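**Student:** Could you look at this predicted model? Sequence included:
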Amino acid sequence: MIKNQDLNERSLYLLKTLVERYIQDGQPVGSRLLSKDPQLKLSPASIRNVMADLEDMGLIHSPHTSAGRVPTVSGYRLFVDNLLTVKPLATNELNQLQTSLGVDAENMSDVVGKASKLLSDVTQMAGVVTLPRRESVVLRQIEFLPMSSTRVLVIFVTEGDEVHNKIIHTSKLFSAAELQQAANYLNSVYVGHSLSKIREMVLKDLDNDRHLVNQGMIDAVNMAQLTFAQQPKDDYVLSGETNLMGFSELADMDCLKQLFEAFNHKRGVIHLLDQCLAAEGVQIFIGEESGYRAFDHCSLVTASYSVNEQVVGVLGVIGPTRMNYQKVIPFVDVTAKLLGAALNPK
């Protein structure tokens, strides 16, 4: 990997200027345009020599027969890691973001949806937010309702007043009174714990049920295992994907087809976003760095968000590699913090 110390100050400044110009205009940058920069103080011929060196290092390349140059993935990476100056958002921008996430937000899904749309609206690219991981969500209440035969409807409420329904099949027939007794026991023992912690507690109780003083308690724990043993797969909310059709870099039909198929199948995108869960701060995948072919012509800027001081999800912006990183990076960072704050129990 090429580092900034491998280049002299003049070459670094020229690369920085070239990348910024290309991000701004979307056109290959030639030596004549760069020679007009007063800080370079170089003739077009000298600039061409520097550009030739940058091209030999794999930082820029010439698209088709154009005389100009555009950044490569390596060029963008060097620019983002070493040459980019990221400024914090202005106070009025922060206030607008905070207000947008809080308006008419009735539950967790509503807040996540608003965050995804906000990411898209502000950047005019695609905004993506993974739903909070189920295992980290805290149980608030559980109820059981009898259905036909040994089928039982479980209704459990998690933080943020999210209501979940699930049908379980029990090993024997329970009366409404027995189901109420089971719910009362589980609410007294498991409420206030995350679903992952509850699964641990249930398994421990099943392995050593001597402290469960009656059959009703044992039945209740068995029903808890049926309820929480298998959680729904994590998902995400995507907004503004059609915005990507407006970028010339992504206009190729094969490229768009792969991208939208990836959005529809979701599994690969979720895997990519999951890589960001354990990382601190903003993570950036540029082009093929993602290891996901559908994103070869895209950049993904992400940040994780937390609830109860625990990382539960990831949000980000998907756009062309020619995105305004200076604007997107602080916006993603702040939105992740604000989303976490909005989801934390008041």
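**Tutor:** The structure has been received and is ready for your questions.
**Student:** What segments of the stretch 201-346 of the chain are strands?
**Tutor:** 236-239, 283-286, 298-307, 310-320 (DSSP state E, counting those that start in this stretch).
**Student:** Quick check: can you name the pairing partners of the first one and their directions?
**Tutor:** So the one you mean is strand 236-239. strand 126-130 (antiparallel) (DSSP bridges).
**Student:** do the same with the third one
**Tutor:** The pairing partners recorded for strand 298-307 under DSSP bridges are strand 283-286 (antiparallel), strand 310-320 (antiparallel).
**Student:** averaged over its residues, what pLDDT does the shortest one have?
**Tutor:** Pointing back at strand 283-286 there. Strand 283-286 shows an average pLDDT of 96 in the prediction.
**Student:** Can you tell me what sits against it?
**Tutor:** With contact meaning CB atoms under 8 Å, 6 or more residues apart in numbering, strand 283-286 is reached by 73, 76-77, 80, 272, 275-276, 295, 299-303, 321, 325, 329. All C-beta atoms are positioned from the backbone trio N, CA, C, and that covers glycine.
**Student:** Residue 322 contacts residue 249, correct?
**Tutor:** Yes. Between residue 322 and residue 249 there is a contact under CB atoms under 8 Å: 5.9 Å.
**Student:** quick one: which of the two has more around it?
**Tutor:** residue 322 (21 against 16; other CB atoms under 10 Å).
**Student:** and the host helix or strand of residue 11, what other elements does it pack with?
**Tutor:** According to DSSP states H and E, residue 11 maps onto helix 9-25. With contacts taken as 3 or more CB pairs under 8 Å, 6 or more residues apart in numbering; DSSP states H and E, helix 9-25 sits against helix 31-35, helix 44-56, strand 70-71, helix 73-78.
**Student:** at 10 Å what do you get?
**Tutor:** helix 31-35, helix 44-56, strand 60-61, strand 70-71, helix 73-78, helix 325-343 (3 or more CB pairs under 10 Å, 6 or more residues apart in numbering; DSSP states H and E).
**Student:** a markdown table please, covering those and showing distance to residue 128, mean neighbour count and mean pLDDT.
**Tutor:** As requested, the helices and strands packed on helix 9-25 are exported to a markdown table (distance: least, CB to CB, whole Å; neighbours: other CB atoms under 10 Å; pLDDT from 0 to 100):
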| stretch | distance to residue 128 | mean neighbour count | mean pLDDT |
| --- | --- | --- | --- |
| helix 31-35 | 35 | 18 | 89 |
| helix 44-56 | 33 | 16 | 92 |
| strand 60-61 | 29 | 20 | 94 |
| strand 70-71 | 24 | 23 | 95 |
| helix 73-78 | 20 | 22 | 96 |
| helix 325-343 | 11 | 20 | 93 |
